[in-house]
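Engineer: 3D, please:
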Amino acid sequence: MRKLLRIAAALAVVYALLLGGLAWAMHQPPAHFGQIMSRVPRVAFFILPFRTLWVSARAGSLNVGDAAPDFRLQTYDRKDWVQLSSFRGQKPVVLVFGSYT
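Structural biologist: Numbering: from 1, shown residues only. The predicted structure follows:
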């Protein structure tokens, strides 16, 4: 019985360390996070609560009605730059995050 408790305690410590490491990784900039996640074995996706940690790590501090953070991006043809704040008060802007490929 004592041996079983030691094994359970060791597994709990390893699980807690993995959760802590994953939470730390999710707070890293996207490029660094991607490098870390590319090395995570697939089985970890079934064992660790990725969605819960992701939602808490990337929650942000925006509330309904807050202005979107300003940013500047190059146009698709790479000939010009567009800044989000330049549209303020002129026309609605829809931001779509995702991939259509």
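Engineer: and Leu73, helix, strand or coil?
Structural biologist: State at Leu73, reduced to three classes by DSSP: H, G, I helix; E, B strand; the rest coil: strand.
Engineer: chain neighbours aside, what residue packs nearest to it?
Structural biologist: Val82 (5.8 Å; C-beta to C-beta, 6 or more residues apart in numbering). Any C-beta I mention is one placed from the backbone N, CA and C, and that applies to glycine too.
Engineer: ok, now which ones touch the one you found?
Structural biologist: Listed by C-beta atoms under 8 Å, 6 or more residues apart in numbering, the contact set of Val82 reads Arg72, Leu73, Gln74, Thr75.
Engineer: return the residues in contact with Ala44.
Structural biologist: Contacts of Ala44 (C-beta under 8 Å, 6+ apart): Leu18.
Engineer: assumed Lys91 was part of a helix.
Structural biologist: No: using three-state DSSP, the assignment for Lys91 is coil, not a helix.
Engineer: coming back round to it: could I get the contacts of Val82 as TSV with pLDDT and distance to Val94?
Structural biologist: Below are those laid out as TSV (pLDDT from 0 to 100; distance: C-beta to C-beta, whole Å):
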residue	pLDDT	distance to Val94
Arg72	90	18
Leu73	88	14
Gln74	91	19
Thr75	89	17
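Engineer: ok, those residues vs Ser86, which is closest?
Structural biologist: Nearest to Ser86 out of the contacts of Val82 is Arg72 (C-beta to C-beta; 9.1 Å).
Engineer: give me the neighbour count for the residue nearest to that closest one when sequence neighbours are not counted.
Structural biologist: Of all residues not flanking Arg72 in the chain, Gln83 sits nearest, at 4.5 Å (C-beta to C-beta, 6+ apart). Neighbours of Gln83 under the rule other C-beta atoms under 10 Å: 11.
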